[in-house]
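**Student:** No sequence on hand, only this structure:
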């Protein structure tokens, strides 16, 4: 048995590639992934569920989760593999904007122009830019919608969230995510911003501003991490845990500079382990192009198209 194992170990079934091993150079670090594997949802409260449905489902073309029914207390809106969670309460406004990929910007603009007048007495606006569409929801949240192709393979989803943070805070925020959360980060000093890389195609951007920002109102994001206990240990030791939800979830709110403990920015994180029952849950997404007068059998579900 030992001799056989030695024979297998030292024999080369594929001699061809070995000749090129010294010629081909790979940058293995380019495909490294940090500790946060996915940003699953953005949670902002809304005071009017029918109005929220009109905006997120009818205008934007997203899908109300058909399985998680909270009645009038909450609604989950599916956007590809991500979601908006919209509990009923006084409106919350994220300090920054949410980046979204939609299958077709032209179709989105048609819906905005056609049905947008029904939101005329709200803060709803939209502006067509060269490469994206800027939209403000009825309560003041800012969305930036892009066509497929800009953020990897995503054709429908939430690739990033950008937060406006105080001047001179981006480096410390970067240190927090790198040292405490175990993430890969990019610091862009020229743009005064830090990007926290998430999984394959998502990120959180913290962009500095000298403009006064409104007080934090409790909106949050949910993330999944592979090393669940490591960040928790630091957060607990520094009295930063705000909720011990259950075995597979905890929350924290304040981002601090690990060099000196200075509080830099408040944004609640709902942190989940990979054993959380919602991890990689399949989300239903409809084809927003389907309608009563143009209905096509077999086209109800959103189907990603082959990227050229």
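**Tutor:** Structure received. What you see is a predicted model; the values in this text were computed from it and never measured.

**Student:** what's the weakest-modelled helix or strand in this protein?
**Tutor:** Lowest on mean pLDDT, DSSP states H and E among the helices and strands of the chain sits helix 2-10, with a mean of 48.

**Student:** Any regions of the stretch 51-200 of the chain where pLDDT drops low?
**Tutor:** By pLDDT under 70, the stretch 51-200 of the chain has no low-scoring segment.

**Student:** So which residues of it form strands?
**Tutor:** Secondary structure of the stretch 51-200 of the chain (DSSP state E, counting those that start in this stretch): strands located at 63-64, 76-79, 82-85, 96-101, 125-128, 133-136, 142-146, 157-166, 185-188, 193-198.

**Student:** Tell me the strands beside the first one, with direction?
**Tutor:** Just to be clear, that refers to strand 63-64. Strand 63-64 pairs in its sheet with strand 76-79 (antiparallel), by DSSP bridges.

**Student:** gap between the strand it pairs with and the chain center?
**Tutor:** The chain centre lies 12 Å from the centre of strand 76-79; the measure is CA atoms, centre = their mean, to the nearest Å.

**Student:** What of stretch 282-289?
**Tutor:** Relative to its chain's centre, stretch 282-289 lies at 18 Å (CA atoms, centre = their mean).

**Student:** before we move on, what about stretch 86-96?
**Tutor:** For stretch 86-96, the distance to the chain centre is 16 Å (CA atoms, centre = their mean).

**Student:** okay, the strands of the stretch 51-200 of the chain in a markdown table with distance to residue 261 and mean neighbour count next?
**Tutor:** Placement of C-beta: from N, CA and C, glycine included. What follows is the strands of the stretch 51-200 of the chain, written out as a markdown table (distance: least, CB to CB, whole Å; neighbours: other CB atoms under 10 Å):
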| stretch | distance to residue 261 | mean neighbour count |
| --- | --- | --- |
| strand 63-64 | 42 | 20 |
| strand 76-79 | 36 | 23 |
| strand 82-85 | 31 | 24 |
| strand 96-101 | 24 | 23 |
| strand 125-128 | 41 | 14 |
| strand 133-136 | 36 | 19 |
| strand 142-146 | 31 | 19 |
| strand 157-166 | 16 | 21 |
| strand 185-188 | 19 | 16 |
| strand 193-198 | 18 | 23 |
